[in-house]
Structures are given as C-alpha cells and as structure tokens.
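Asker: need the 3D shape of this:
(chains A and B)
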Protein chains: 2
Amino acid sequence: MQILQGDAARAALTRSFSEIPVPESVLTRIEATFGERLTPDEVVARILADVRARGDDALRDWTERLDGTRPAALEVTRDEMGAAQIDPALHDAIRLAVSRVRAFYEQQPAHGFLEHGPDGALGQLIRPLSRVGVYVPGGLAPLVSTLIHTAVPARVAGVPEIIVTTPPARDGSVNPAILVAAREVGVDRVFRVGGAQGIGALAYGTASVPAVDKIAGPGNLFVVIAKRMVYGQTGIESLPGPTETLVVADDSADPRFVAADLLAQAEHLGAEPVLVSTSRDLLVEVQNKLNGQLEALPEPNRSWARDSVVSRMKVVLAADLAEALDLANLYAPEHLCLLTRDPWSLLGQVRRAGGVFVGEASMEALGDYVAGPSHVMPTGGTARFMSPVNVRDFQNIISVVGVNEETLRRIGPPAALLARAEGLEAHARAIESRLTPEAPEAHPEATLEALEEAGGQGL
Amino acid sequence: MQILQGDAARAALTRSFSEIPVPESVLTRIEATFGERLTPDEVVARILADVRARGDDALRDWTERLDGTRPAALEVTRDEMGAAQIDPALHDAIRLAVSRVRAFYEQQPAHGFLEHGPDGALGQLIRPLSRVGVYVPGGLAPLVSTLIHTAVPARVAGVPEIIVTTPPARDGSVNPAILVAAREVGVDRVFRVGGAQGIGALAYGTASVPAVDKIAGPGNLFVVIAKRMVYGQTGIESLPGPTETLVVADDSADPRFVAADLLAQAEHLGAEPVLVSTSRDLLVEVQNKLNGQLEALPEPNRSWARDSVVSRMKVVLAADLAEALDLANLYAPEHLCLLTRDPWSLLGQVRRAGGVFVGEASMEALGDYVAGPSHVMPTGGTARFMSPVNVRDFQNIISVVGVNEETLRRIGPPAALLARAEGLEAHARAIESRLTPEAPEAHPEATLEALEEAGGQGL
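Answerer: Residues are numbered from 1 along each chain as shown, chains lettered A, B, ... in the order given. Have a look, this model is predicted:
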C-alpha cells in the first residue's frame, strides 16, 4: 500500500480530463458482434441511426442481436405487471425504499415565485416535465434501487407520465423485482429494450415507445455514450461513470467499518475507493482489515473488489482534518464518508460532493437503498458542477415578465438604448412603438398558486 | 403568407430532431482557413485538442488565424478594465440592467433543507460552484446584455470567481462596453479569446486562463459545438441555438405591436418567428404592418429580418385560445408572447416555454435587457426539459445522510436484503457490520444555516 501525502496526494486526487478507457474485452465483444473493430462511439451511432430510421423493427433486431431474445411485444402488459411476485420480505424492503425516498424528496423546496410589485409582475413558474424515461440496467442483477432512486423524484416533481426501459433476459422476461418496484413507484409503462437501442427509443420515439422529454438513470458504457449523443434532442440527468467513494477518517474511526465501506465501494466494477486519514496507524489497520474482509467475500464480488483495490484505490495521509477536507473538495467525490470523532463539525467545509455520509451509522451502502436521497450522484469529478438526481431535474422554470405601463415608460428608453448599442434596431422599435400616446392596456394579474396548480396537470 | 390550421399547424410546430444545418458560407470560410473541406465538428475537435496540448500558444495562434490579431497578453489588465469609458447614458442603462437582473434573481428561492427528525438528519445543502466562465460573443456588436444576463445570476448564486472570455477586435481590443459591464457586474477577470479556443481555455485551463467548473453563455455554431464537446469535463448551462418567438394574439391585439414583436425576433440571424392567432383578420393586418415595418428597417437588419420572415416564419390560425396554447406547448418556444384581451388568464395553461411575456407592455425586447429574468432561455424545443439561466445553474445540491443508530437498526436489515438481491454482498456486509452489539457512536448534529454559511465561501 502506497501512502500518499502533500503534493503527491493532491496530484493523485486531481481529476484528469482523459476519456474513460475502453476495456479490451469490450472491443473484442464488438468485433465478435459486428465483424469489424468499431469504437463504442461508432457502434452507438450506428444503433441510434437505425432506431431513428426503422423504429420498432430496429429495437427488435438489436435486442435479438445483443440480448439474445427477440421480443414480440416490446411493452410489458398490465397483466404481466400485475402478476409479478417476489419474496414478501424483498417486497417490503422495496416498499420501505420507495416510501423513504418519496418522503425525502417531498421535503425539497420546489416552488417558484411571482412578485406583484410596483413594476407589475415578475417571476418564475415551476412546471413538471411532461414525460420522463428511466433506464434501468439489467445484466446479472435487477437494479430495482436505480428505478426507485430516479422514478420517485420524478413522481414527486409532478411528472404525469414515467416510462421505464430495461433489457430483457434471454427468455424475454423482465425481472419480477423490477416490475414490482415499477408498480410500487407508480411507473406508467415498462418496455423490454435496453442498451443504446433503449436510449434511442426514448429519445426518438417509435411506434411502441413514446419519445420522452428527459432520460434518467445509469447504464453501461454504451448507454452513457448514447445518452451523450441524444443530449440536446432530449434532456439527460447526468452522464454517470464508474462509482467512487472518498472516506475521511481520523484516529477515532473503527478500522473494520472503514474497511467495510471501502470494500462496499470496491465491489462495483471499475470503482475507485479513496481513503484519507489523519492517522498513519489507522491506514495500516484498515489495510489489514481490508485484506481479511476481501478474502471473505464470495466470487465474483471478490475479484471485482480486488481489482478496484489493487488498480485504483488511493490511500492518503493528511496533516490534519482541514487538509483532508481540502483534498476531498479537490477530488469532488460522488460519495464522501465522514468517519471522525465529530463528523458534523466537518460538514460546513464540504463544498464539492454528491452525497455526504455523516458518521458510522450512515454508511454509503445504506444510502444506496433506503436512507432517502437518490443514490444517482455525480461521478468522475462532475460534482464540481452537478447535483444528485433530485426534484429539480424533473421540473422546468418558466420566466414570467408582466411589467405594467408605468414601468415600461421608465425602463423602456434605456432598454432601447442598449438594443441599439447591440445593433438590434427592430428591438428598439418594438419597445418604442409602445411608448407612443396610445398606451397599451392594463391587465389584471394572476397568483402563483393558481398558475402552478393549473400548469401542474401535464399534457 | 401561408396560414396553417389544425393538423398542418401541429405538424409545422412539431420539432424535428434534425441537426442544425450548416450554411454553405460557413463551409466556404472553413475551406479558405484550413485549405480543406472540414465539417465544423472536425474544426472544433482540432482546435480543442490543440488548446489542450499547447495551452496559451494555441490560444494565440488560433486568435491570430481566426480573429486577425495576435494578443500578447491574453488577460485584460486591471488598468484597462478601470480605464474603459462609454457614453454615460449607455453606462446608466447597463447599471439599470444589472440592478434589475440582480433584484430578480435575489428573489429566486435557493435554499436547501436539513431535517432533524427521529431518524437523525437528512437533507440537501446548497453550494455555489467555485469558478464559472461566461462566454460573451464578439462580432459586429458588443453583447453586453449577454454578460449581464449570465454573470449576474452566477454572482447572486454566490460563485466566488467569475471569468469572462470574449473575442478581441482586429486591433486586439475588447469593446469598452463589455469591460464596463464586467466592472458593474463584478466579474473577476476578462480574457481576450473567443470561439472554440475560448471554450477550450475555459474547459481545460491554460497557463493564463484558469479552468472553470461551468461555462455559460451563447455563441456561434463553433462555440456551441465546442460547449457540447467539453460537456462532462466541464458543466455547461445550455446549448443555445437560433432564437425563436411564438406570439399568441387574439382579435384585441394591436397588429402594429404584433408585427413589431415578430420583427424584433426576425432581425436575429436564423431566427424563427411564429404567430398563432384566433383571428384571421389579425393575421392579415399583421402581415401588412410587418411588410411596412420591414421596409423601414435599416440594413443589415432588414435583410436578416426578411430572411427570417420569408424562410422560417410560421403563421397559424387557431380555433380558439385553448388550441393556441396547446400549439404553444407543443412547440415549447424560447419566448412566448401573450397579446390577448386577458393574457394573465392564459398563463396557467402554459407548460413549456423559456419565458412568457404577458401583455403589450411586456414585449420580449424589454426582456432582452432590463425586465429582470435572464434572456438566456432554452431554444429549439429544449424548453421541454430545460430552464432559462437561473441561480440553480450556478449552485449544486449535496445530499446529506446522517441517520442515527436506532434508525440504522430499523432500516439496515431491509437495505442489506436489497443489496443481496442486487448481488452486492460487500454492501450488505458494510451495513451488517454496524448492527453488531458494539454500537456506532452518536454524534451531535449541525444546523442548515451554519452549514450553508460555512460552505458558501468558495475555494
């Protein structure tokens, strides 16, 4: 274990702007599928163009080719949705997660303002998006938590229609746990189509799948590339990359817990666990516990976790907690865990992170499921400028300008002056046409409550 | 003038997902500059790669090649900033715009929450971004309003450092009106570098220009392509395209004002004016007024406006105001002008727009300068999923999870169950390690006010 300090630590925690490396295994799989060595970008561009051109036929063809099943019906029927059953304890856990995530987002302030003053009325209306698509990764395990942690904030935001796309299993089925979670969240429709073709369906729409205003949810490399490519035509909530956790621990931390939290991070494929401590002794003890806990993990988790620990884990000795927090802000981690004597006292110094997990009872793994905030948080240093998935992601602001005639007479002339300075003569004239004796009519104004209620109904 | 109705109107106002067409003149200019026929994407990729590799030298070379001047000092000095002087009336107009935009954004709700309940503490902290870059287009006219309408919301958000990049004139100078506006807004630094190279400087940083967390502001095709390419490494506030206005007018509207508002839109290069009315008579009268006002415009505005009117203007006859509003929501215009008998009564039906301009005294041209809300609004139908520039664009949410031990004991086991259902064994173990008799320690909690105050200081 190499312990970094000072400038070396700063250098190691400074994000570089390199592209996400494409594993050789992915390139090999592409070559096997396509008969030529394409880049993932080329593959995704090809799939998206095909979905746009051929719609449902393209979705069926790509699903057959990439997921090994050809779905007759792309949409999961109401009967299939209703019939899905899972272990009652797991069902209860899903209910708990849904209710806690919902309760959390119901607290998020999400109102506009409409100021009726001497100027007339100026303000911001808040409107839910009309239709949102949630991508739920398939693969080895059903990521029911991802569905809950994206669709629930959208529901709380007031989005009237939420649809889910997820890759089918080889027998064409969708995992029942996903269907149960979709039911509990109140998802409107579920489609069995994944990968870049699933993103294409949500962006362009097909005969079966309606186009959405925004796509949320993480996915594999191809899904993320597809989200980036459709951005602008459709909204996306983020470009989630490999996950990461930075743990700040002092000499009071229990090395078992520190090791357990790092390992929970490490078992994600490609994850980056980072430990910053003010105690050299703790760093050594954590390493010992980590080795023991790693060996005790079953496969394949052990191999994945070992790869993260060996290839990407960073261990830093900080001079004091102030330096530790500085390094954390520099790194801007998706998850920041504070395992110190007085973790709340550090929170004021946190300026860049997706989520902060305060104290030993608030491990990040709890946040992945039932704590409340969405586990979809900004990765790869994007916490410098992005937020975790939240209600705002599913609402727009509409600016309202409703000044009265007196105000226009006062601010119109300087506005016309600015317009001419910018060479925009017709702008100046549009203003000045209203400054003639024939005054524009005054109108009664509206209240914010009435407007937001009226506009919240969706399409 | 072709008057569209019903399905034809719906079809005309449905956004297609086509790429922005590249004018032949742009391709010709590229060929003249590069000696080969590159696409704008290829040009931008080349410039960005060069800025990343060679920093300031690349900025100087590209500025010389594309803007015809080789800046010795890329940064505008404090002395130059201080010395900039403009016509006092224009200076006053800039002060008015700054103060009104500031007053508007100071009303925007921008607080988090931290709920201390029986569960412990859960919440969202709001943090300003650390450094924001504002791109200010140069060209024929100094767009001081763009600087004001992006930098002021960033300042109100609490961003501690705001820098501006803008292309220099052929003599290497930056327009004094831009420098005065920068001073009035309190911009920290101004750099004379524009185009894709200016975006590259903000994204990657060079010896002279610091990398920023987010880039705001509109620009030409190359600037927008560059913003799209650096997105993910740096935040961007939007991908602004050609501007558009949709006017809803009934038989009470004054055709002079309707024509003036459409023309103010039309004089922007590539703009799309749309008129939807319930009165056929009004449509005809507006056309007459528009022709007269168009001929009275000076050049080059007349030619640009004529091109917008002839090539892109759409005129729709709606059965009633309900249909007019439905069509407006379908189109999701950047600007929606309501010129009707009782415009406030329509506002509740508006679900998709960047800004709504209510009544004849609130022409869109006023909103471009001094009304209050930022004039940087979502274009091209992106109002379906994006908001005008606002305080939130310059702040992040950080989720806070600080549950207590009792809560962990209650929600930990179902969380572990969900983790195992998703195949994440180390997650389950990280949770269960804390459910052993040796309980984690309790910690005192913090208040939202103290945390937001502490975190608002920036880097």
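
Asker: which SS state does whatever residue of the stretch 151-300 of chain A ends up closest to chain B fall under?
Answerer: Chain B sits closest to residue A:235 of the stretch 151-300 of chain A, with a gap of 3.0 Å, by C-beta to the nearest C-beta. C-beta coordinates here come from the backbone N, C-alpha and C atoms, glycine included. Under the three-state scheme (DSSP: H, G, I helix; E, B strand; the rest coil), residue A:235 adopts strand.

Asker: isn't it right next to residue A:202, touching?
Answerer: No. With contacts defined as C-beta atoms under 8 Å, residue A:235 does not count as touching residue A:202, sitting 10.6 Å away.

Asker: which parts of stretch A:50-58 are buried?
Answerer: By neighbour count with 16 or more other C-beta atoms under 10 Å in any protein chain shown, stretch A:50-58 contains the buried residues A:50, A:51, A:52, A:55, A:56, A:58.

Asker: check the gap between the residue lying closest to residue A:383 once chain neighbours are set aside and residue A:353 for me.
Answerer: Leaving aside its sequence neighbours, residue A:383 sits nearest to residue A:332 (C-beta to C-beta, 6 or more residues apart in numbering or on different chains; 4.1 Å). With distances taken as C-beta to C-beta, to the nearest Å, residue A:332 is found 7 Å from residue A:353.

Asker: same question, residue A:302
Answerer: Distance, residue A:302 to residue A:353, using C-beta to C-beta: 28 Å.

Asker: the stretch 301-450 of chain A: strands as residue ranges?
Answerer: Using DSSP state E, counting those that start in this stretch, the strands of the stretch 301-450 of chain A run over residues A:314-317, A:335-339, A:355-358, A:395-403.

Asker: and the first one, average pLDDT?
Answerer: To tie it back to what came earlier, the one meant is strand A:314-317. Mean pLDDT, computed over strand A:314-317, is 97.

Asker: quick check: neighbours shared by residue A:332 and residue A:353?
Answerer: residue A:383 (C-beta atoms under 8 Å, 6 or more residues apart in numbering or on different chains).

Asker: and residue A:9, how far is that from residue A:331?
Answerer: 10 Å.

Asker: please say which of the two ends up with more neighbours.
Answerer: For residue A:9 versus residue A:331, neighbours defined as other C-beta atoms under 10 Å in any protein chain shown are more numerous around residue A:331 (27 against 24).

Asker: okay, now the residue lying closest to the more buried one once chain neighbours are set aside: neighbour count?
Answerer: Closest residue to residue A:331 apart from its sequence neighbours, by C-beta to C-beta, 6+ apart: residue A:13 at 4.2 Å. Neighbour count for residue A:13, taken as other C-beta under 10 Å: 22.

Asker: correct me if wrong: residue A:13 contacts residue A:315.
Answerer: No. The criterion here is C-beta under 8 Å, and residue A:13 misses it with residue A:315 at 11.3 Å.

Asker: identify the contacts common to those two.
Answerer: Taking C-beta under 8 Å, 6+ apart as the contact rule, residue A:13 and residue A:315 both touch residue A:274.

Asker: on that earlier part again, between residue A:235 and residue A:202, who's got more neighbours?
Answerer: residue A:202 (34 against 25).

Asker: now do the contacts for the more buried one.
Answerer: Contacts of residue A:202 by C-beta under 8 Å, 6+ apart are A:133, A:135, A:163, A:165, A:209, A:211, A:212, A:215, A:230, A:234.

Asker: next: residue A:187.
Answerer: A:134, A:147, A:151, A:162, A:163, A:164.
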